[in-house]
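*Asks:* requesting a structural model of the entry that follows:
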Amino acid sequence: MENEARRPYRMGARAAAVEVTRARVLEAAAGLWTRRWYDDVTLQDIADEAGVSVQTIVNHFGGKEGVADAAAEVAAAQAELARQAPAGDVEAIVGVLFEEYERQGDANVLWTAQIDRVPAIARAAAHARGQHRAWLERVFADRLPASGPAREHALNLHYAATDVYLWKLWRRDLGLSREDAERAMHDLVTSIDPRRGHDA
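*Replies:* Numbers count the residues shown, from 1 in each chain. Okay, here's the model as predicted:
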């Protein structure tokens, strides 16, 4: 009876240990990939950073692409949680977006620069594009046309106005302060409100 009672505890502890190991590997990989190209990071690099063996990584993820896919899933979930803003509140919407871009923008730009040659990154980017579009549809639901070409046009404008590469242009290429860049995005998003045309 005692052994039977202890078995669920042992299984639970083992599952918890597996999750801790996976999280350490993914955190290590994500940290390395924010600073280095995908091809420049080896499984051994990730193992050293996480304090595990290469075989452990292979057992959990199958290889480097598996690690990249899992890391992208974690990043997408974190972005979903972080992007909480009231629909229609442009200041709040731009604010939460800048919080994310200031924290992850450089890594996102580095990551997406490799889309054409790394399938795992191409998959992650495709998912991120869909996620961003769905987010735009939620937070700008009050201003988007109901359906059809007008809605697609408005969504395309809002996508361009909130894309990470626009953040990069303002913050990295032009050297704007965060305050000035955030104000620029706010003004741009405000200027493309489809409802403004009805007031003219």
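
*Asks:* any idea how far Arg22 lies from Tyr101?
*Replies:* Counting by Cβ to Cβ, to the nearest Å, the gap from Arg22 to Tyr101 is 27 Å. To be clear about C-beta, it is placed using only N, CA and C from the backbone, and glycine gets the same treatment.

*Asks:* who has more neighbours, these two?
*Replies:* Remark: of Arg22 and Tyr101, Tyr101 carries more neighbours, 24 against 19, as counted by other Cβ atoms under 10 Å.

*Asks:* what sits closest to that one if chain neighbours are left out?
*Replies:* Leaving out its chain neighbours, the residue that sits closest to Tyr101 by Cβ to Cβ, 6 or more residues apart in numbering is Trp167, at 4.3 Å.

*Asks:* so for Glu19, what's the pLDDT?
*Replies:* At Glu19, the model reports a pLDDT of 88.

*Asks:* and the residue nearest to Tyr101, how many neighbours?
*Replies:* Neighbour count of Trp167, defined by other Cβ under 10 Å: 25.

*Asks:* correct me, but it touches Arg103?
*Replies:* No - using Cβ atoms under 8 Å, Trp167 makes no contact with Arg103, being 11.3 Å away.

*Asks:* which strand or helix spans Arg14?
*Replies:* helix 2-33 (DSSP states H and E).

*Asks:* check Asp180 too.
*Replies:* helix 178-191.

*Asks:* and that helix, what does it pack onto?
*Replies:* Under the contact criterion of 3 or more Cβ pairs under 8 Å, 6 or more residues apart in numbering; DSSP states H and E, helix 178-191 touches helix 90-112, helix 149-161, helix 164-168.
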